[in-house]
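A.B. asks: make a model of this:
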Amino acid sequence: MRVASGQCALSAPAVFDQSDDGKVIVLDAAAALAEHSRARQAAALCPADAIRVHGD
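C.D. replies: This next block holds a predicted model:
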């Protein structure tokens, strides 16, 4: 089963995008530092629990 809601890409568009087949793409890991709270929100919204954000 594939879940492709796009919530992570919508929550942190500077960090994530979504491919045509519904997979999450990390655009810029360094941007995740500046967008830390949005990256964490994206991970929380990911229905497949496929995103993990490490660090403070």
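
A.B. asks: need the per-residue pLDDT for Pro13.
C.D. replies: Pro13 carries a pLDDT value of 86.

A.B. asks: for the one 10 residues further on, same thing?
C.D. replies: Predicted confidence (pLDDT) for Lys23: 80.

A.B. asks: burial count for it?
C.D. replies: 12 (other C-beta atoms under 10 Å). The way it works is simple: take the backbone N, C-alpha and C, and place the C-beta from them, glycine included.

A.B. asks: please apply the same query to Leu33.
C.D. replies: Using other C-beta under 10 Å as the criterion, the residues surrounding Leu33 number 11.

A.B. asks: same deal with the one 4 residues further on?
C.D. replies: When neighbours are defined as other C-beta under 10 Å, Ser37 has 10 of them.

A.B. asks: which element is it on?
C.D. replies: helix 36-45 (DSSP states H and E).

A.B. asks: for that helix, buried residues please.
C.D. replies: Residues 38-43 are the ones in helix 36-45 that count as buried (16 or more other C-beta atoms under 10 Å).

A.B. asks: contact partners for the residue most central in space within the chain?
C.D. replies: Nearest to the geometric centre of the chain sits Cys8, at 3.9 Å (C-alpha atoms, centre = their mean). Neighbour list for Cys8: 16, 18, 24, 42-43, 45-46, 51 [criterion: C-beta atoms under 8 Å, 6 or more residues apart in numbering].

A.B. asks: farthest pair in the residues you listed?
C.D. replies: Gln18 and Ala43 (14.6 Å; C-beta to C-beta).

A.B. asks: chain center to the helix holding Ser37, what's the gap?
C.D. replies: 7 Å (C-alpha atoms, centre = their mean, to the nearest Å).

A.B. asks: for that helix, packing partners?
C.D. replies: Judged by 3 or more C-beta pairs under 8 Å, 6 or more residues apart in numbering; DSSP states H and E, helix 36-45 is in contact with helix 7-11.

A.B. asks: C-terminal to the helix it packs on, what's the next element?
C.D. replies: Assigned by DSSP H and E, the successor of helix 7-11 is strand 16-18.
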